[in-house]
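Chemist: here is a sequence with its predicted model. Questions after.
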Amino acid sequence: MLTDCPACKKKISDKADECNHCGFKVSADDAESILRKKKLAQYMRHQSLQTQSFIAVLVFITGFGFMYWGFPEVGSTQHSIAMLVCVIGFVWYIINRVRILLTKRNKMFN
Ligand SMILES: [Zn+2]
């Protein structure tokens, strides 16, 4: 039977003690591997938050750019959409910055 390595996601035997690709200890749920899993999860979370805040900035710039250089008529649907996109991007960015700050704070306690 083949299973996915929790660390590198490559196919490994479920009878193997550790991954022959990255050396991740699969069967042993010792303190070290739990800590490694936790650190990996934290890292993935941080990466995804950074990607999300990057997309949020792009969304904001798109809305902002359209509003200022697209010259939609104030009160028109295009203007409302541009403004909405702008607000969504801005709020999403702020939320992600706060979440990144919170994960950083959590790291200090761990
Ligand atoms: Zn692996």
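Modeler: Nice, I can see it.
Chemist: going forward, measure contacts between C-alpha atoms and count neighbours the same way
Modeler: Fine.
Chemist: restricting to C-alpha, output stretch 8-22 in CSV.
Modeler: Extracted C-alpha coordinates of stretch 8-22, given in CSV (Å, rounded to 0.1, in the frame of the first residue of the first chain):
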residue,chain,number,x,y,z
CYS,A,8,6.7,16.3,0.8
LYS,A,9,3.4,14.6,-0.5
LYS,A,10,5.4,12.0,-2.5
LYS,A,11,4.2,8.4,-2.6
ILE,A,12,5.8,6.2,0.1
SER,A,13,5.1,2.8,1.5
ASP,A,14,2.8,2.9,4.6
LYS,A,15,5.1,0.4,6.2
ALA,A,16,8.1,2.7,6.0
ASP,A,17,9.1,4.4,9.2
GLU,A,18,10.3,7.5,7.4
CYS,A,19,10.0,9.0,4.0
ASN,A,20,12.7,7.9,1.6
HIS,A,21,12.4,11.2,-0.2
CYS,A,22,12.7,13.8,2.6
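Chemist: so what touches that stretch?
Modeler: Counting contacts by CA atoms under 8 Å, 6 or more residues apart in numbering, the residues outside stretch 8-22 that touch it are Met1, Leu2, Thr3, Asp4, Cys5, Ala7, Phe24, Lys25, Val26, Ser27, Ala28.
Chemist: starting at the chain centroid, how far to it?
Modeler: Here stretch 8-22 is found 25 Å from its chain centre; the criterion is CA atoms, centre = their mean, to the nearest Å.
Chemist: and what of stretch 63-81?
Modeler: Average the C-alpha atoms of stretch 63-81, do the same for its chain, and the two points are 30 Å apart (CA atoms, centre = their mean).
Chemist: and the helix or strand where Ala82 lies, what's buried?
Modeler: Under the criterion DSSP states H and E, the helix or strand holding Ala82 is helix 77-109. Buried residues in helix 77-109, counting neighbours by 16 or more other CA atoms under 10 Å, are found at 78-80, 82-83, 85-90, 92-93, 95-96, 99-100.
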